[in-house]
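Trainee: Generate coordinates for the sequence data below:
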Amino acid sequence: MARYKQFLRICQHWPLDSTKEGRDIAVAIRQAVVKAFKEGENTQVNPAECDRVYTSLERLNNGHWNNKYPRRKPTTFTGLTLEDYRLVLASESLSDMQETKKSSWQRMKEKFSGKADDKDA
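Mentor: From the prediction side, this is the model:
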């Protein structure tokens, strides 16, 4: 199978996470494939490097490391579960945290001016 088609197959099977706008690994992988294969199947690539990257992505996508090193507990040292981390790392949650980091002075300025001050953000 041509290397380009292998990478396209990886892109098709890698799930997109709509909660991580601009930070999703699936989007980054798709962009890297587009950059690496500018001419599609006709692009000249380093076969060894290409196969190494493909094998790594395939292992991640198929859960190779999760199966090889299964978790003993469904939580981390913080006590949070995978679902807790998904909620915290969602783009909406991160923007809410940025809003709470604003000082009282910044919030008052925005309230009375009716808009956010771009140079202070």
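Trainee: Tally up the residues packed near Val53, please.
Mentor: Neighbour count of Val53, defined by other C-beta atoms under 10 Å: 19. (Each C-beta comes from the backbone N, C-alpha and C, glycine too.)
Trainee: which helices and strands sit right next to the helix or strand where it lies?
Mentor: Using DSSP states H and E, Val53 sits within helix 47-61. On a contact count with 3 or more C-beta pairs under 8 Å, 6 or more residues apart in numbering; DSSP states H and E, helix 47-61 meets helix 3-13.
Trainee: Could you check the helix it packs on and say which residues are buried?
Mentor: Arg3, Tyr4, Gln6, Phe7, Leu8, Ile10, Cys11 (16 or more other C-beta atoms under 10 Å).
Trainee: Closest to Arg30 out of those residues?
Mentor: Closest approach between those and Arg30, by C-beta to C-beta: Cys11, at 5.2 Å.
Trainee: Okay, the nearest residue to that closest one once chain neighbours are set aside and Gln12: tell me how far apart.
Mentor: Nearest residue to Cys11 in three dimensions, chain neighbours excluded: Arg30, at 5.2 Å (C-beta to C-beta, 6 or more residues apart in numbering). For Arg30, the distance to Gln12 (C-beta to C-beta, to the nearest Å) stands at 10 Å.
Trainee: circling back: did I read that right, the residue nearest to Cys11 in a helix?
Mentor: Yes - counting by DSSP: H, G, I helix; E, B strand; the rest coil, Arg30 is found in a helix.
Trainee: that's a helix at Val33, yeah?
Mentor: Yes - with three-state DSSP as the criterion, Val33 is located in a helix.
Trainee: List the contacts of the helix holding Val53.
Mentor: Contact with helix 47-61 is made by Arg3, Gln6, Phe7, Ile10, His13, Trp14, Ile29, Ala36, His64, Trp65, as judged by C-beta atoms under 8 Å, 6 or more residues apart in numbering.
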